[in-house]
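K.L.:
Here is my input, please return the structure:
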Amino acid sequence: MTREPGTSVRARLALSYAAFLMLACVLLLGAVWAFLLRNVPLRYLVPHPADLPRIVDPGSYGPAVFAIAVATILVFLLVFGLGGGWLLAGRMLAPLRRITGATRAAAAGSLSHRIALEGPGDEFRELADAFDTMLGRLEAHVEEQRRFAANASHELRTPLATTQALLDVARADPGHDTAELLGRLYAVNSRAIALTEALLLLGRADQRSVAREHVDLSLLAEDAVETLLPPAEARGVTVESVADPARVVGSHALLLQLTTNLVHNAIVHNLPGGGAVRIATGTRAASVVLTVENTGTPLDPRLVSTLAEPFRRGAERTRTDHPGVGLGLAIVRSIARAHDGTLTLTPRRGGGLCATVELPPDRSASTTVPVRAEA
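P.N.:
Got it, this is the predicted structure:
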């Protein structure tokens with residue numbers, strides 16, 4: 001988009017400085033005339049070029065040279081105001097030029113550039129610091145998206161390549177067992193569908209444009225437990241639920257997906273037999289809390305800090321017959337962020353993982369119930 005030419009801010013500030021200086025001088029001289037020279041003949045108040053040399057002669061000082069002296073002072077103040085205003089405006093706008101340069105560098109793709117403005121904590125410093133913070137977050141977001149795109153392309157290419165390999169083998173060997181081929185193709189296709197649906201859900205959560213309605217996390221936790229109870233029993237995992245009222249405002253579908261992902265993750269990444277999962281909901285201080293804990297082997301805190309990244313399946317965690325797509329906790333974190341909440345993962349004492357989601361409470365809720373402490 002082309003920009004129409006116009007007067008620069010520096011020039012407008014210089015003109016403003018000069019205009020205010022001239023106005024102050026005129027008001028001052030008007031006060032002098034009103035209080036001291038009101039009775040002076042009018043011919044002394046009209047400047048005449050012939051009187052100009054007299055203003056440098058001390059013997060000629062008096063009302064007779066007042067007019068020409070006023071005209072000379074006004075011309076001097078006009079030049080002084082324009083020059084001084086131009087210099088002062090340039091000095092004051094110097095930080096703005098640095099911010100403009102950083103903006104153009106960011107628009108060109110250089111997100112690593114920072115203004116790092118020094119000096120007093122004025123409005124320009126506040127603007128520069130806010131811009132640096134925005135650039136830092138934008139750089140981290142872009143890097144995360146690039147990493148996610150690379151991982152997603154790799155993950156989506158894997159089932160397609162596997163399908164292609166299976167078809168190549170079947171075509172090269174017409175006598176191959178068709179039932180086995182169909183079974184393997186079905187499994188690979190199911191995984192590709194699950195991965196695609198997870199990617200779509202993650203993208204929907206990252207958009208932060210979710211429908212808002214009144215939701216009780218305790219009811220969602222009960223629904224998730226009821227849905228996932230059969231696979232939990234099949235793995236010998238016991239599920240305990242402490243569902244106190246936990247009312248929030250958000251998308252019922254996304255929050256149900258969040259709860260289901262946490263419970264499912266706790267079930268499939270558990271001890272092979274005799275494991276346990278505990279779900280608790282309630283309020284804590286100024287937030288609504290959903291906590292899901294599961295037993296398992298001890299986890300390295302450095303590993304736990306990366307589990308919410310896309311396609312991180314936790315190689316050091318207890319493995320099961322469910323490989324997953326590596327997006328469960330990433331989806332949980334994105335849904336929590338879309339609802340202005342947080343996801344915190346911590347290693348559980350004695351082994352396993354504790355996942356805590358904190359969301360803003362529903363302000364229209366009339367009662368709050370604290371989260372019960374684990375026995």
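K.L.:
make it CA atoms for all contacts and neighbour counts henceforth
P.N.:
Will do.
K.L.:
which secondary structure elements does the strand or helix carrying Ala170 contact?
P.N.:
Assigned by DSSP states H and E, Ala170 belongs to helix 123-172. With contacts defined as 3 or more CA pairs under 8 Å, 6 or more residues apart in numbering; DSSP states H and E, the packing partners of helix 123-172 are helix 94-107, helix 178-206.
K.L.:
okay, those helices in JSON lines with mean pLDDT next?
P.N.:
Converted to JSON lines, these look like this (pLDDT from 0 to 100):
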{"stretch": "helix 94-107", "mean pLDDT": "82"}
{"stretch": "helix 178-206", "mean pLDDT": "73"}
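K.L.:
Turn these into CSV, including mean neighbour count and distance to Gly84.
P.N.:
Formatted as CSV, the helices and strands packed on helix 123-172 follow (neighbours: other CA atoms under 10 Å; distance: least, CA to CA, whole Å):
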stretch, mean neighbour count, distance to Gly84
helix 94-107, 16, 16
helix 178-206, 15, 52
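K.L.:
Please identify which of the ones you listed is closest to Arg146.
P.N.:
helix 178-206 (13.8 Å; CA to CA).
K.L.:
Note down every partner strand of whichever helix or strand comes after that closest one and its orientation.
P.N.:
Downstream of helix 178-206, the first helix or strand assigned by DSSP H and E is strand 213-216. Strand pairing for strand 213-216, determined by DSSP bridges: strand 247-250 (antiparallel).
K.L.:
contacts for the strand it pairs with?
P.N.:
Strand 247-250 has contacts (CA atoms under 8 Å, 6 or more residues apart in numbering) with 210-217, 288, 339, 359-362, 365.
K.L.:
Tell me the first helix or strand C-terminal of it.
P.N.:
Past strand 247-250, the next helix or strand by DSSP H and E is helix 252-268.
K.L.:
next structured bit after that next one?
P.N.:
Counting by DSSP H and E, what follows helix 252-268 is strand 276-284.
K.L.:
As PDB, could you dump the C-alpha coordinates of that next one?
P.N.:
Taking C-alpha atoms only, strand 276-284 is exported to PDB below (Å, rounded to 0.1, in the frame of the first residue of the first chain):
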ATOM      1  CA  ALA A 276      -4.000 -46.700  39.600                       C
ATOM      2  CA  VAL A 277      -5.400 -43.400  38.400                       C
ATOM      3  CA  ARG A 278      -6.800 -40.600  40.500                       C
ATOM      4  CA  ILE A 279      -8.900 -37.800  39.200                       C
ATOM      5  CA  ALA A 280      -9.900 -34.800  41.300                       C
ATOM      6  CA  THR A 281     -11.800 -31.600  40.500                       C
ATOM      7  CA  GLY A 282     -12.500 -28.500  42.600                       C
ATOM      8  CA  THR A 283     -11.400 -24.900  43.200                       C
ATOM      9  CA  ARG A 284      -8.200 -23.600  44.600                       C
END
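K.L.:
List of residues touching that strand?
P.N.:
With CA under 8 Å, 6+ apart as the criterion, strand 276-284 contacts 217-218, 221, 237-246, 263, 266-267, 270, 288-295, 361, 368-372.
K.L.:
Filter these down to the buried ones.
P.N.:
Buried members of these, scored by 16 or more other CA atoms under 10 Å, are 217-218, 221, 237-239, 242-246, 263, 266-267, 270, 288-295, 361, 368, 371.
K.L.:
And Leu42, what's its pLDDT?
P.N.:
Per-residue pLDDT puts Leu42 at 59.
K.L.:
Quick one: mean pLDDT for stretch 274-289?
P.N.:
90.
K.L.:
Just give me how far it sits from the chain centre.
P.N.:
27 Å (CA atoms, centre = their mean, to the nearest Å).
K.L.:
Repeat that for stretch 272-283.
P.N.:
That offset, for stretch 272-283, works out to 32 Å (CA atoms, centre = their mean).
K.L.:
same check, this time on stretch 88-103
P.N.:
26 Å.
K.L.:
the inter-axis angle of the helix holding Ala170 versus helix 94-107?
P.N.:
Counting by axes from the mean of the first three to the mean of the last three CA atoms, to 10 degrees, helix 123-172 lies at 10 degrees to helix 94-107.
K.L.:
For the nearest residue to Thr281 once chain neighbours are set aside, pull up the helix or strand it's in.
P.N.:
Using CA to CA, 6 or more residues apart in numbering and skipping residues adjacent in sequence, the residue nearest Thr281 is Leu290, 4.6 Å away. Using DSSP H and E, Leu290 maps to strand 287-294.
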